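Trainee: take a look and give me a structure for this.
(one chain, ligands or ions: 1)
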Amino acid sequence: MNNPLLRPIIGNIYKRLFITFLLFTALIGSSFTLLHHQLRQSMRENTADVAQQLLIKTENILNHSESTYLTMGDFLGKPCSKQIIENMQNVVAEGLYLRNTSFFQHGKIYCSSAPEAIGLEIRSADKFTAQRMLLFTDRFVTKGVPLFATRLDKNGLGIVSIIDGRYLQNMLEINNSNTKLFSYLKVGSSWIENSGESHNTALPELDFVTTVHGRTMPVEIVVGVKPMTWWQHLWAEYWLGISSVVLASLIFSAFIYLLLARPRSVKKVLNHALKRGEFVPWLQGIVDKHGNLCGAEVLMRWQTSSGEIINPDIFIPAAEKSGLIVPMTTSMLPELQRYFLQQRALIPSGFVLSLNICKLHFQNLGLVDECREFLKVFPEQSLVLCLEITERELIEQTSLTDLLLKQLDEIGVKIAIDDFGTGHASFNYMRSFKVDFIKIDRAFINTIGSASISASLVDIIIDMAAKLGMEVVAEGVESGAQAEYLIAHNVAKLQGFYYHKPVPLALFSAKFKHYQ
Ligand SMILES: Nc1nc2c(ncn2[C@@H]2O[C@H](COP(=O)(O)O[C@H]3[C@@H](O)[C@H](n4cnc5c(=O)[nH]c(N)nc54)O[C@@H]3COP(=O)(O)O)[C@@H](O)[C@H]2O)c(=O)[nH]1
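Mentor: Modelled structure (predicted):
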């Protein structure tokens, strides 16, 4: 039988997979969006930081040319003496990055720390960026080395200094190898990269580009990241994070899948069913020795919303464990009351309606009120209510149970020991609980006709009940032979499939009519 208590939270495997997939996609999607923003921010911050640092270093180097103006400026325009040339050479020797420095007049060098340069023409000021700086490649002394010329002129007179670009090239190289970033030093439309090559073309394409402009020199530092797809950038930066996110999302989704495959809390399921009135009473007829209907046992069934009927073995233990058995039993009483009220004209006199109760019903006097409420429509014992307590679950004798049983007795409620023979009820116990009926468990009835010890126990139980003044009900009578044996041994009442099977209330009515 399909056990509703074991049904998963989401029973349909495709639904479960779909929910898990949605969750996984949401987790991955949100994590990647976050990583994407993080990547953009950190890349921009990185390129901006690096560009700023490079600019400071670049300007530091290029500013060395300034020293020539400060120390040599006074000699500008004066005839080029040996002393001035020596002074110029000293300035170049002291200036870390300076290669040479020269005075020029009307575009021609007339004095220089490199005397071989005297007489050379220098390019016009408009060829210099901001009339200040020119980036070009050395074609004579150190072929291929980038050189930076800075000039300062006034009224046709000026100083031009050459800075060796290898220092700047090194700086770019060190930076590029350390940071995975690409950086370029740009002067006007010319630029150099870490290889030292100077170019006059457009800069290579980069992602996350930051361009910073020199404050003291007309230079630009451009820093960026090699162009890649979004995914490649993300993987290059966060491969560990991505792997962890995917793994964690997979584990979490698998956990949710398993959680959805787990049964809901038993108490919640039972409570839900209770609220929907799904616990319904069925009745199994009990007959006297003539086979006439003289009572019925209420047997609870769970009629699920899909119409399935669930047997009590499946849910009663969980109901007892969760404590819900008490309201579940109570929930059947109004329907039973209505039913027996409708049938009252057909009910045989002295008809005993047995209701299974358990230990939990003995925690307060609520049971007395419920029985009183039930019986109030059946005056003068037109219907006798009997509470069956299983022998396997002995109830402790306390002042409360004494009071409860006393009050039940006062309103005419009978007590039966159910499943007798399977537990440990003593004579004292049965006396103190004023037991009216003993219901011999069907395990013993089954042995009738066999030569086992259990078979002779049936006789002992019958004798004992007679001595204690209790009526015996034989449970689980399945054959005519068992019935004959029990009747021959003065068993007053018989219950079992041989006579009646448990049926819903609507079908039970036919039994009343049958015995009319
Ligand atoms: N606390 C409560 N317990 C309840 C309630 N309703 C039922 N139960 C207990 O659940 C157990 C199983 O009950 P059920 O499946 O209804 O089985 C009953 C009968 O159908 C079955 N029976 C009766 N005659 C025969 C028979 O000839 N052969 C055969 N194989 N089975 C038969 O016995 C069960 C009745 O047993 P008992 O109560 O001991 O008289 C069962 O333990 C119920 O007590 C409830 O509302 N509350």
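
Trainee: the residue in the stretch 51-200 of the chain positioned nearest to the ligand - nearest residue in space that isn't next to it in sequence?
Mentor: Residue of the stretch 51-200 of the chain nearest the ligand, by Cβ to the nearest ligand atom: Lys180 (73.1 Å). (Glycine included, C-beta is placed from N, CA and C.) The shortest distance from Lys180 to any residue other than its chain neighbours is 7.2 Å, reached at Val225 (Cβ to Cβ, 6 or more residues apart in numbering).

Trainee: does that neighbour touch Ser183 like I think?
Mentor: No - shown here, Val225 and Ser183 do not form a contact pair, counting by Cβ atoms under 8 Å, at 10.5 Å.

Trainee: ok, the two, which is more surrounded?
Mentor: Taking other Cβ atoms under 10 Å, Val225 and Ser183 do not tie; Ser183 has more neighbours (25 against 19).

Trainee: doesn't the more buried one fall inside a strand?
Mentor: Yes - assessed by DSSP: H, G, I helix; E, B strand; the rest coil, Ser183 belongs to a strand.

Trainee: so who does it touch?
Mentor: Residues in contact with Ser183 (Cβ atoms under 8 Å, 6 or more residues apart in numbering) are Val50, Ala51, Leu54, Leu172, Asn175, Asn176, Glu193, Asn194, Ile221, Val222, Val223, Gly224.

Trainee: per-domain residue ranges of this protein.
Mentor: Domain assignment for the chain by automatic domain parsing gives 12-61+182-260, 63-164, 283-297+333-515.

Trainee: Serialize those to TSV and add fields for distance to the ligand.
Mentor: Formatted as TSV, those follow (distance: least, Cβ to the nearest ligand atom, whole Å):
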stretch	distance to the ligand
domain 12-61+182-260	30
domain 63-164	96
domain 283-297+333-515	3
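
Trainee: reformat the ones you listed as TSV; add mean pLDDT.
Mentor: Output for the domains of the chain, formatted as TSV (pLDDT from 0 to 100):
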stretch	mean pLDDT
domain 12-61+182-260	93
domain 63-164	90
domain 283-297+333-515	91
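
Trainee: what distance do you get for the residue of the stretch 51-200 of the chain closest to the ligand to Glu173?
Mentor: Distance from Lys180 to Glu173, counting by Cβ to Cβ, to the nearest Å: 13 Å.

Trainee: for Leu324, find the nearest of the domains of the chain.
Mentor: The closest of these to Leu324 is domain 283-297+333-515. By Cβ to Cβ, the value is 9.2 Å.

Trainee: Tyr498: neighbour count?
Mentor: Counted with other Cβ under 10 Å, Tyr498 comes out at 17.

Trainee: now the nearest residue to it once chain neighbours are set aside: phi and psi?
Mentor: Nearest non-adjacent residue to Tyr498, counting by Cβ to Cβ, 6+ apart: Val477, 4.8 Å away. Main-chain torsions, Val477, degrees, to the nearest 10: phi -80, psi 120.

Trainee: Val477 contacts Ile445, doesn't it?
Mentor: Yes - contact criterion Cβ under 8 Å: Val477 and Ile445 qualify, at 6.0 Å.

Trainee: so these two - more neighbours on which side?
Mentor: Val477 (29 against 26).

Trainee: check contacts around that one.
Mentor: Arg442, Ile445, Ala483, Leu486, Leu494, Gln495, Gly496, Phe497, Tyr498, Tyr499.

Trainee: was I right to think the fifth one contacts Gly285?
Mentor: This means Leu494. No - judged on Cβ under 8 Å, Leu494 makes no contact with Gly285 at a distance of 9.8 Å.

Trainee: higher neighbour count, those two?
Mentor: Neighbour totals were compared for Leu494 and Gly285, and Leu494 leads with 26 against 23 (other Cβ under 10 Å).

Trainee: which element, helix or strand, includes that one?
Mentor: Per DSSP states H and E, Leu494 falls inside strand 493-495.

Trainee: which residues are in contact with that strand?
Mentor: By Cβ under 8 Å, 6+ apart, strand 493-495 touches 284-289, 294-295, 297, 437, 439, 471-477, 483, 486-487.

Trainee: list only buried entries from these.
Mentor: 284-288, 294-295, 297, 437, 439, 471-477, 483, 486-487 (16 or more other Cβ atoms under 10 Å).

Trainee: taking the residues you listed one by one, which sit in strands?
Mentor: Within the buried ones among the contacts of strand 493-495, residues falling in strands by DSSP state E are 284-288, 294-295, 297, 437, 439, 471-474.

Trainee: could you redo those as TSV and give each row distance to Gln397?
Mentor: TSV is the format used below for these (distance: Cβ to Cβ, whole Å):
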residue	distance to Gln397
Gln284	30
Gly285	33
Ile286	28
Val287	33
Asp288	32
Cys294	30
Gly295	27
Glu297	25
Phe437	19
Lys439	21
Glu471	22
Val472	23
Val473	24
Ala474	27
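
Trainee: contact partners for His36?
Mentor: Contacts of His36 (Cβ under 8 Å, 6+ apart): Trp230, Leu234.

Trainee: right, and the helix or strand after the helix of greatest length in the chain?
Mentor: As assigned by DSSP state H, the longest helix anywhere in the chain is helix 13-62. For helix 13-62, the following helix or strand on the C-terminal side (DSSP H and E) is helix 66-72.

Trainee: can you mark which positions in that following helix are buried?
Mentor: Ser67, Thr68, Tyr69, Thr71, Met72.

Trainee: same question, stretch 47-62
Mentor: Applying 16+ other Cβ under 10 Å to stretch 47-62 flags Thr47, Val50, Ala51, Gln53, Leu54, Leu55, Lys57, Thr58, Ile61, Leu62 as buried.

Trainee: go on, stretch 138-158?
Mentor: Asp138, Val145, Pro146, Leu147, Phe148, Ala149, Thr150, Arg151, Leu152, Asp153, Gly158.

Trainee: now stretch 393-409
Mentor: In stretch 393-409, the ones that count as buried by 16+ other Cβ under 10 Å are Leu394, Ile395, Thr401, Leu404, Leu405, Gln407, Leu408.

Trainee: I'd say the last one and Leu367 touch.
Mentor: Spelled out, it's Leu408. Yes - using Cβ under 8 Å, Leu408 is in contact with Leu367, at 7.2 Å.
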